[in-house]
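**Q** Give me a 3D structure for the following:
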Amino acid sequence: MAAKAPDNQLPTHPPYKLLGQNYITPDLIAKVTGKAKYAEDYRADGMLFTKLLLSPVPHGHVRHIDAREALAMPGVKAILTVDDMPKPADAMTDLGQRIPANPLGERGLT
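**A** Presented below is the predicted three-dimensional model:
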(Lines give C-alpha, C1' and ligand atoms only; values in the text may rest on other atoms or scores of the structure.)
Protein backbone atom coordinates (compact mmCIF):
# COMPACT_ATOMS: atom_id res chain seq x y z
CA MET A 1 0.00 0.00 0.00
CA ALA A 2 1.33 3.45 -0.96
CA ALA A 3 2.21 5.86 1.80
CA LYS A 4 -0.23 8.71 2.22
CA ALA A 5 1.13 12.18 1.48
CA PRO A 6 0.96 14.68 4.33
CA ASP A 7 -2.02 17.05 4.12
CA ASN A 8 0.17 20.03 3.19
CA GLN A 9 1.82 18.24 0.20
CA LEU A 10 0.40 17.21 -3.15
CA PRO A 11 0.86 13.55 -4.06
CA THR A 12 3.64 13.05 -6.61
CA HIS A 13 2.74 9.61 -7.99
CA PRO A 14 2.12 9.34 -11.79
CA PRO A 15 -1.45 10.68 -12.10
CA TYR A 16 -0.36 13.92 -10.40
CA LYS A 17 3.15 14.41 -11.77
CA LEU A 18 2.41 17.92 -13.10
CA LEU A 19 0.46 19.31 -10.15
CA GLY A 20 2.42 21.99 -8.36
CA GLN A 21 5.11 21.97 -11.07
CA ASN A 22 6.02 24.55 -13.70
CA TYR A 23 4.93 23.19 -17.07
CA ILE A 24 5.53 24.79 -20.45
CA THR A 25 3.18 23.60 -23.18
CA PRO A 26 4.87 22.67 -26.48
CA ASP A 27 2.95 25.38 -28.38
CA LEU A 28 3.55 28.18 -25.86
CA ILE A 29 6.14 30.10 -27.92
CA ALA A 30 4.06 29.83 -31.12
CA LYS A 31 0.95 31.14 -29.35
CA VAL A 32 2.76 34.03 -27.64
CA THR A 33 4.55 35.13 -30.82
CA GLY A 34 1.44 34.79 -33.01
CA LYS A 35 2.95 32.01 -35.15
CA ALA A 36 0.48 29.36 -33.98
CA LYS A 37 -2.02 28.24 -36.62
CA TYR A 38 -5.69 27.96 -35.70
CA ALA A 39 -8.54 26.50 -37.77
CA GLU A 40 -9.52 30.00 -38.86
CA ASP A 41 -6.05 30.56 -40.36
CA TYR A 42 -6.39 27.83 -42.99
CA ARG A 43 -7.87 28.35 -46.45
CA ALA A 44 -8.80 25.80 -49.12
CA ASP A 45 -9.81 26.14 -52.76
CA GLY A 46 -13.56 26.59 -53.04
CA MET A 47 -13.94 27.32 -49.33
CA LEU A 48 -17.13 29.19 -48.39
CA PHE A 49 -17.47 31.71 -45.57
CA THR A 50 -20.58 32.51 -43.58
CA LYS A 51 -22.10 35.65 -42.18
CA LEU A 52 -24.60 35.42 -39.34
CA LEU A 53 -27.34 38.04 -39.44
CA LEU A 54 -29.00 38.51 -36.07
CA SER A 55 -32.41 40.02 -35.44
CA PRO A 56 -32.32 43.57 -34.04
CA VAL A 57 -35.35 42.68 -31.90
CA PRO A 58 -34.56 40.48 -28.87
CA HIS A 59 -36.98 37.55 -28.60
CA GLY A 60 -38.71 38.75 -31.76
CA HIS A 61 -40.65 36.31 -33.92
CA VAL A 62 -39.48 36.28 -37.55
CA ARG A 63 -42.50 35.53 -39.72
CA HIS A 64 -40.90 35.64 -43.15
CA ILE A 65 -37.47 36.06 -44.75
CA ASP A 66 -37.28 37.21 -48.36
CA ALA A 67 -33.79 36.14 -49.45
CA ARG A 68 -34.17 36.94 -53.17
CA GLU A 69 -32.22 40.21 -53.02
CA ALA A 70 -29.42 38.64 -50.96
CA LEU A 71 -29.18 35.63 -53.28
CA ALA A 72 -28.83 38.01 -56.26
CA MET A 73 -25.69 39.60 -54.73
CA PRO A 74 -22.35 38.56 -56.23
CA GLY A 75 -20.56 35.90 -54.19
CA VAL A 76 -23.64 34.76 -52.26
CA LYS A 77 -24.00 31.01 -52.73
CA ALA A 78 -26.84 30.18 -50.31
CA ILE A 79 -29.05 31.44 -47.51
CA LEU A 80 -29.60 29.14 -44.53
CA THR A 81 -32.66 29.72 -42.34
CA VAL A 82 -34.25 27.80 -39.48
CA ASP A 83 -36.63 26.23 -42.01
CA ASP A 84 -33.60 24.49 -43.57
CA MET A 85 -32.55 22.95 -40.24
CA PRO A 86 -33.76 19.52 -39.09
CA LYS A 87 -36.26 19.30 -36.25
CA PRO A 88 -35.08 17.80 -32.94
CA ALA A 89 -34.72 14.05 -33.46
CA ASP A 90 -35.05 11.07 -31.16
CA ALA A 91 -31.79 9.64 -29.84
CA MET A 92 -30.71 6.07 -29.18
CA THR A 93 -28.65 4.97 -26.20
CA ASP A 94 -25.86 2.39 -26.43
CA LEU A 95 -28.34 -0.15 -25.09
CA GLY A 96 -30.84 0.53 -27.88
CA GLN A 97 -33.29 2.53 -25.80
CA ARG A 98 -35.05 5.36 -27.65
CA ILE A 99 -35.00 8.78 -26.03
CA PRO A 100 -37.82 10.82 -27.57
CA ALA A 101 -37.00 14.34 -28.73
CA ASN A 102 -38.35 17.14 -26.61
CA PRO A 103 -41.20 18.74 -28.61
CA LEU A 104 -40.22 22.09 -27.05
CA GLY A 105 -36.60 21.71 -28.17
CA GLU A 106 -35.18 24.43 -30.36
CA ARG A 107 -33.79 23.88 -33.82
CA GLY A 108 -30.45 25.27 -34.85
CA LEU A 109 -30.24 29.03 -35.57
CA THR A 110 -33.07 29.82 -33.14
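**Q** pLDDT below threshold where in this structure?
**A** 1-14 (pLDDT under 70).
**Q** now the residue most central in space within it: how far from Leu52?
**A** Centroid check for the chain by Cα atoms, centre = their mean gives Ala39 as the closest residue, at 12.2 Å. To Leu52, Ala39 is 17 Å away according to Cβ to Cβ, to the nearest Å. (Each C-beta comes from the backbone N, C-alpha and C, glycine too.)
**Q** Mind jotting down where the helices sit in the protein?
**A** Secondary structure of the chain by DSSP state H: the helices cover 28-33, 68-71.
**Q** Take these and lay them out in a markdown table including distance to Leu95 and mean neighbour count.
**A** As requested, the helices of the chain are exported to a markdown table (distance: least, Cβ to Cβ, whole Å; neighbours: other Cβ atoms under 10 Å):
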| stretch | distance to Leu95 | mean neighbour count |
| --- | --- | --- |
| helix 28-33 | 42 | 10 |
| helix 68-71 | 46 | 10 |
